[in-house]
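Quick check, what structure comes out for this input:
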Amino acid sequence: MNQIAKPRSLFLNLTQDLMFKNYFKLNKNLLKSLLKAFLPLPKNSFIKDIVILDSLIPSLSLEEKSSLMDLRVQLDSGEVVNVEMQAFPHKNFTNRVLLYWAKNYGSQIKIGEKYETLYPSYSLIFSTFDLFPKVKNFYTSFSIRSDVFPYFCFDKGLRIVTVELDKFKKREPSALLDLREEWCYLLKESKKMGERESKELSAKGQEMEEAMFHLKELSREEGLRLVEEARDKAWKDQMAREDDSFNRGIKQGIEQGMEKGIDKGKKELIMSMLKKGMEVSLLSKFTGLSEEEISKLQKSLS
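The predicted model follows:
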């Protein structure tokens, strides 16, 4: 008996890292809105403009360990921000966040330059799993402070913000209180939203109206839809393989195996898209890989 195909969602899943990256990279106004809602910037500060920088650590490399950072931007006031969507639990996740923050901060200064040239560095991390099980709030901001009263700040150069979307309590869009909650709702519920929720969220104000319009337009991109579906399948297959290994008691080396499996999943995703006839240039746009790298994979199919 043939199974009935599950109907497609109206919108892309913004908790998937590639969808998240493409969504904000293609609309700087929405990225500015996101940063304004979540960054603990100085009082009365205003983000006039942002520059999207090249990632320090290459993402989606088929040969190297993949990068966590989805977006790296610089504010007009100088601060550098790593923005990331993380849907896959990792035992040493917090260590890796701190490492990337340190590289981001240290890369600003060159030999001979003065320390005064260093700007604060932020990491803004969205996760779909619990980072801190004992913490109830979905939003947490970290800095280096003394552990005794008056708990003064050692330096304002380090700021790490985590947003645990799983802890964000779902409400009707009309009941959302502020821009931060509106973004949490959109990111967490994008794949589940229907027309009614979409209209209610759009009615919250100009920023959400633009956010929903951009999501609708991007969701019409058939190429991006195919990438989303293939990537989702790769994740599910990898999770199933890991669960099967665990159930058989194969615990040693699971962490390393997960990383290798993710890289394998990325390669399988691209190969699948090539077989479906997707153009190399379009696949390069959606995945971040160079056309040269994708062309090498294409040759292996012939």
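
now the lengthiest strand in the chain: how far from the chain's centre is it?
Longest strand of the chain, by residue count under DSSP state E: strand 153-164. Centre-to-centre, strand 153-164 and its host chain are 18 Å apart (C-alpha atoms, centre = their mean, to the nearest Å).

In terms of secondary structure, what does the helix or strand just after that strand contact?
Next helix or strand after strand 153-164 toward the C-terminus (DSSP states H and E): helix 179-189. Secondary-structure packing of helix 179-189 (3 or more C-beta pairs under 8 Å, 6 or more residues apart in numbering; DSSP states H and E): helix 28-38, helix 195-202, helix 206-219. The way it works is simple: take the backbone N, C-alpha and C, and place the C-beta from them, glycine included.

rerun that using 10 Å as the cut-off
Secondary-structure packing of helix 179-189 (3 or more C-beta pairs under 10 Å, 6 or more residues apart in numbering; DSSP states H and E): helix 17-25, helix 28-38, strand 121-127, strand 139-145, strand 153-164, helix 195-202, helix 206-219.

what's the closest of those to residue 103?
Across the helices and strands packed on helix 179-189, residue 103 has its closest neighbour in strand 121-127 (9.5 Å, C-beta to C-beta).

Find out how far that closest one is from the centre of the chain, if you would.
Chain-centre distance of strand 121-127: 9 Å, with C-alpha atoms, centre = their mean.

pLDDT of it, averaged?
Taken as a whole, strand 121-127 has a mean pLDDT of 93.

Quick check: buried residues in stretch 28-35?
Under the neighbour-count criterion of 16 or more other C-beta atoms under 10 Å, stretch 28-35 has 30-35 buried.

Can you tell me which of those residues lies closest to residue 131?
Set against residue 131, the nearest of the buried residues of stretch 28-35 by C-beta to C-beta is residue 34 (18.8 Å).

Now do the same for the closest one: its pLDDT.
Model confidence at residue 34 (pLDDT) stands at 96.
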